[in-house]
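1. Okay, sequence plus prediction incoming.
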Amino acid sequence: MLDIKFIRENPDAVKENIKKKFQEDKLPLVDEVIALDNQYRQAVAEAQALRTERNTLSKQVGVLMGQAKKDPSKLEEAEAAKAQVKANAARLAQLEGQEDELSGKIRKILLVIPQIIDPSVPIGPDDSANVEVERFGEAAVPAFPVPYHTEIMESFNGIDLDAAGRVSGAGFYYLLGDIARLHEAVLAYGRDFMIDKGFTYCIPPFMIHGAVVEGVMSQTDMDGMMYKIEGEDLYLIGTSEHSMIGRFIDQIIPAEQLPQTLTSYSPCFRKEKGAHGIEERGIYRIHQFEKQEMIVVCKPEESKDWYEKLWRYSVELFRNLDIPVRQLECCSGDLADLKVKSCDIEAWSPRQQKYFEVCSCSNLGDAQARRLKIRYRDEDGKMQLCHTLNNTCVAPPRMLIAFLENNLQVDGTVKIPAVLQPYMGGKALLTPCK
């Protein structure tokens, strides 16, 4: 969310940013919110003048009433002052109502005007304009056919989609045996990997209030993702970033405690609206999954460096699991409205012979901090907004697709990289049951 003062002083820059994000329908909102802000400030100024006049008149009434005991003519003046105080009170109440109404309208618009993107972000209308930056590891194509990921899992008796469909419907799954253990092993390794990087491990609430939802994501994303608990002001989280950033709502963090670097485990719940192709069936796009996340709350001057660190952590983790990846810079039209800059880490799929998203790293600047009032005092004692960042550490079961395809052998076995073997009871190889 942008500062209204910034919009007021830089309307052309805000409009140009909207154009870069290919959201021309939002252009009229800039002039509209500036006009509303002007009305709001006029109402505030008039209300303040009336309060000052009220205080002055109240003092005069007291003086005049005291003088009226000796000079009855002063009583008339006192009554006139009282009448003016009463008239001012009625107008003040009207203005205060206008302030609340205008403030609500302004905030509603501010919530949908996109954040100013970083100058380095490539310009494009959608994800087709995202830019590959760098590849890590050899994207090999094996000499044998790689089965669909659910077929690999079924060879280990490791998945039951039919039963999940009967119990919960489409978009759910049962994982069993070695595949279920592999799922948990990847999460445990991701947890310890981030702890070794100096992050504090956290298990957050899995439900959050609507005010937190509004603070951490755009209305569009909220409507397309979140499950609301009927009859309560609670939402199931779509990612632990939501409750992790929400932890700092309305807080002034001591400067010496920044940056806050946290890695969190949680289940995630998403509506995943829309039709999906064959490659997104199975356990690729689902309503429930588990994830290890990383978030950073820092000073503004530190956020660019943390952005670089976070996405490189993802690369390192996936390479440790023998999975080739690439970094893909997200273009302007593919950025959510709160994001300043974002990139995807995509894993190589030997079966599809292309990359697919497994991690998303984002710098949100002060957007979430402004909405949630997450602040700190600088060296001069002045209040400043923090910057927030987030990145996926590992998100099985999607991540399992990349793992199984890249570690599958010609005989149907799956090799376990050395870093994962302690979490798999020392196993170096998984052997299929059929």
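-> Ah, there it is.

2. ranges for the strands of the stretch 151-300 of the chain?
-> Assigned strands in the stretch 151-300 of the chain, in chain order: 159-160, 174-175, 200-202, 207-208, 227-228, 235-236, 260-269, 288-298 (criterion: DSSP state E, counting those that start in this stretch).

3. could you say what helices and strands the second one packs with?
-> In other words, strand 174-175. strand 159-160, helix 161-167 (3 or more C-beta pairs under 8 Å, 6 or more residues apart in numbering; DSSP states H and E). All C-beta atoms are positioned from the backbone trio N, CA, C, and that covers glycine.

4. Report how many residues lie close to residue 203.
-> As a burial measure, the neighbour count of residue 203 was computed by other C-beta atoms under 10 Å and equals 10.

5. and it, what does it touch?
-> Residue 203 sits next to 264, 265, 266 when contact means C-beta atoms under 8 Å, 6 or more residues apart in numbering.

6. List the beta-bridge partners for the first one.
-> Residues found in beta-bridge contact with residue 264 (criterion: DSSP bridges) are residue 202, residue 293.

7. I figured it hits residue 199, correct?
-> No. Residue 264 sits out of contact with residue 199 when judged by C-beta atoms under 8 Å, with a separation of 9.1 Å.

8. hang on, the earlier thing: just the contacts of residue 203 now: which is nearest residue 382?
-> Proximity of these to residue 382 (C-beta to C-beta) peaks at residue 264, which lies at 30.7 Å.

9. How much space separates residue 299 from residue 139?
-> As for residue 299, its distance to residue 139 is 38 Å (criterion: C-beta to C-beta, to the nearest Å).

10. for residue 220, same thing?
-> From residue 220 across to residue 139, the span is 34 Å (C-beta to C-beta).

11. Which one's more surrounded, these two?
-> Residue environment comparison for residue 220 versus residue 139 gives the larger neighbour count to residue 139, 17 against 11, counting by other C-beta under 10 Å.

12. On the pLDDT front, check that one for me.
-> Looking at residue 139, its pLDDT stands at 94.

13. where does it land in three-state SS?
-> Using DSSP: H, G, I helix; E, B strand; the rest coil, the three-state assignment for residue 139 comes out as coil.

14. From residue 405, how far off is it?
-> Residue 139 sits 11 Å away from residue 405, going by C-beta to C-beta.

15. Repeat that for residue 392.
-> Look at residue 392 and residue 405: by C-beta to C-beta, they are 19 Å apart.

16. higher neighbour count, those two?
-> residue 392 (26 against 22).

17. That one should be in a strand, yeah?
-> Yes. Counting by three-state DSSP, residue 392 is part of a strand.

18. confidence score at residue 68?
-> Residue-level confidence at residue 68 comes out at 59, pLDDT.

19. With respect to residue 307, which of the strands of the stretch 151-300 of the chain lies nearest?
-> Short answer: strand 288-298, nearest of these by C-beta to C-beta, at 8.7 Å.

20. Please enumerate the strands of the stretch 1-150 of the chain.
-> Shown for the stretch 1-150 of the chain, the strands assigned by DSSP E, counting those that start in this stretch span residues 131-136.

21. Pull the number of nearby residues for residue 310.
-> Residue 310 has 25 neighbouring residues, counting by other C-beta under 10 Å.

22. Give the phi and psi angles for it, as a check.
-> The phi and psi values for residue 310, taken as degrees, to the nearest 10, are phi -60, psi -50.

23. which residues touch the nearest residue to it once chain neighbours are set aside?
-> With C-beta to C-beta, 6 or more residues apart in numbering as the measure, residue 391 is the residue that lies nearest to residue 310, at 4.0 Å, once sequence neighbours are left out. Under the criterion of C-beta under 8 Å, 6+ apart, the contact partners of residue 391 comprise 293, 294, 295, 310, 311, 313, 314, 359, 360, 361, 362.

24. Most neighbours out of those, which is it?
-> The member of those that has the most neighbours, counting by other C-beta under 10 Å, is residue 294 with 28 neighbours.

25. these two touch, right, it and residue 200?
-> No. With contacts counted by C-beta under 8 Å, residue 294 stays clear of residue 200, the gap being 10.5 Å.

26. Tell me the residues that contact both of the two, please.
-> The contact lists of residue 294 and residue 200 share 261, 262, 263, where a contact means C-beta under 8 Å, 6+ apart.

27. give me every residue that touches residue 244.
-> Residue 244 neighbours (C-beta under 8 Å, 6+ apart): 202, 204, 262, 264, 293, 295, 390.

28. tell me which of the residues you listed is nearest to residue 162?
-> Nearest to residue 162, judged by C-beta to C-beta, of the contacts of residue 244 is residue 293 at 30.8 Å.

29. correct me, but that closest one touches residue 238?
-> No. Taking contact to mean C-beta under 8 Å, the distance of 11.1 Å between residue 293 and residue 238 leaves them out of contact.

30. any shared contact partners between the two?
-> Once C-beta under 8 Å, 6+ apart is applied, it turns out that residue 293 and residue 238 contact no residue in common.
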